[in-house]
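Colleague: Let's see this in three dimensions:
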Amino acid sequence: MLLAHDISGTGPAVLLLHSTVADRRMWDPQVPALTAAGHQVVRCDLRGYGESPIPIGADWDEADDVAALLDSLGITRTAIIAASGGGRVALEFAVRWPDRVASLALLCTALRGHEPSAALREFGDSEDTLLEAGDVAGATDLNVNLWLGPEAGEDQKSLVRTMQRNAFDVQLAAEEAAPAEQSEAQPAAALDTTSAAAALDTTSGAVTLDTTSEAAASAADEPQDAAAQSPAKPASDADREPAAAFASITAPTLLISGAHDLPDFHEIAVQLVKTLPHARHQELSWAGHLPNLERPDLLNPILTAFLADPAKR
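Modeller: Numbers count the residues shown, from 1 in each chain. Got it, this is the predicted structure:
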């Protein structure tokens, strides 16, 4: 099954990959600016988010999902703009198919193998506790309060709350529908896949039903057990693609971090600048974890300028 997606505009392709605290609706403020700049914009929901269901009892591979979507659309080469856990997927795709990536803009990206900070671990523990208690609303609010920076308004908070709650609901429903012998072995905390912490989960190499969380996307140790017990998990690219393989990414890359985000994401950007051969880093003094929602009026010109001349320093 192809990822749920939509297409706008004409011109060189730009693929938008969402944060794991959101879905493709997070790019609503960018689509008009990118189409006006002369791009064909493709945005999709990764599995377990938005309108892309989780395949029950089956493994899946997020980079393969992206490749299959592009193939179905006849897109052989594209720029990619990706946020947080979507950035992790974009990097995996670029490692495996470097010739298909014209440029990369990574917003507060996650990275497999990152060792989470104390603050990120604390967030992940709090989220797990809420989910284990069945307090999905509380876990949703926890994510909204952490991942949006001070420039975000009530409309942005409402949208993130809607997207995050939908991700929890989709993934909890998948856990309930899983074969009994698998779901009985799986702890409730393993369902934390919508938040940013889950998206940094990197040692298992698989995004399991512990992928709704942005924290889990960054957590690097505990998720191995959860991945082994998950009723449905993507195949691992981390095991196949060591960090050194990032040197094979030839696309010009813009790494963006926010001064009001957790320090993990600044550290990841700094690390990637040293690893990727054609990368530069820009920290935004006003931004939290989701700058595209917080101040699109400030971020959109950065993105369109980068796409117009990706090699410019």
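Colleague: in the longest helix anywhere in the chain, what counts as buried?
Modeller: In the chain, with assignment by DSSP state H, the single longest helix is helix 154-177. Across helix 154-177, burial judged by 16 or more other Cβ atoms under 10 Å covers 156, 159-161, 163-168, 170-172, 174-175. (Glycine included, C-beta is placed from N, CA and C.)
Colleague: who are the neighbours of that helix, in terms of helices and strands?
Modeller: Counting contacts by 3 or more Cβ pairs under 8 Å, 6 or more residues apart in numbering; DSSP states H and E, helix 154-177 packs against helix 136-147, helix 291-294.
Colleague: And for the last one, what's in contact with it?
Modeller: Read that as helix 291-294. By Cβ atoms under 8 Å, 6 or more residues apart in numbering, the residues outside helix 291-294 that reach it are 26-27, 29-30, 83, 107-108, 148-149, 151-152, 156, 159-160, 256, 258, 284, 286-288, 298-299.
Colleague: Which residue ranges of the stretch 1-150 of the chain form strands?
Modeller: 5-8, 13-17, 40-44, 78-83, 101-107 (DSSP state E, counting those that start in this stretch).
Colleague: Show me what the third one pairs with in its sheet, parallel or antiparallel.
Modeller: When you say that, I think you mean strand 40-44. Sheet pairing of strand 40-44 (DSSP bridges) gives strand 5-8 (antiparallel), strand 13-17 (parallel).
Colleague: Could I get the CA-only coordinates of it as CSV?
Modeller: Only the C-alpha atoms of strand 40-44 are listed here, as CSV (Å, rounded to 0.1, in the frame of the first residue of the first chain):
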residue,chain,number,x,y,z
GLN,A,40,6.0,20.3,-7.6
VAL,A,41,5.4,19.6,-3.9
VAL,A,42,4.8,16.0,-2.7
ARG,A,43,4.0,15.4,0.9
CYS,A,44,3.2,12.1,2.5
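Colleague: And the closest residue to Gly87 other than its chain neighbours, what's its pLDDT?
Modeller: Ranked by Cβ to Cβ, 6 or more residues apart in numbering and with sequence neighbours excluded, the top spatial neighbour of Gly87 is Thr109, at 2.8 Å. With respect to pLDDT, Thr109 scores 98.
Colleague: now Trp27
Modeller: 98.
Colleague: Enumerate every residue touching it.
Modeller: Trp27 neighbours (Cβ under 8 Å, 6+ apart): Leu16, His18, Val41, Arg43, Ile81, Asn292.
Colleague: which residues sit in contact with Pro252?
Modeller: Applying Cβ under 8 Å, 6+ apart to Pro252 gives the contacts Ser103, Leu104, His278, Ala279, Pro310, Ala311.
Colleague: And the buried ones among those residues, selectable in PyMOL?
Modeller: Buried members of those, defined by 16+ other Cβ under 10 Å, are picked up in PyMOL with:
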select buried, resi 103+104+279+310
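Colleague: which of the contacts of Pro252 has the weakest pLDDT?
Modeller: The member of the contacts of Pro252 with the lowest pLDDT is Ala311, at 88.
Colleague: Correct me if wrong: Ser84 contacts Thr109.
Modeller: Yes - assessed by Cβ atoms under 8 Å, Ser84 is found in contact with Thr109 at 6.4 Å.
Colleague: what's the overlap in contacts for the two?
Modeller: Contacts common to Ser84 and Thr109, judged by Cβ under 8 Å, 6+ apart, are Phe265.
Colleague: The residue nearest to Ser84 when sequence neighbours are not counted and Leu46, how far apart?
Modeller: Nearest residue to Ser84, sequence neighbours excluded (Cβ to Cβ, 6+ apart): Ser19, at 3.8 Å. Ser19 sits 10 Å away from Leu46, going by Cβ to Cβ, to the nearest Å.
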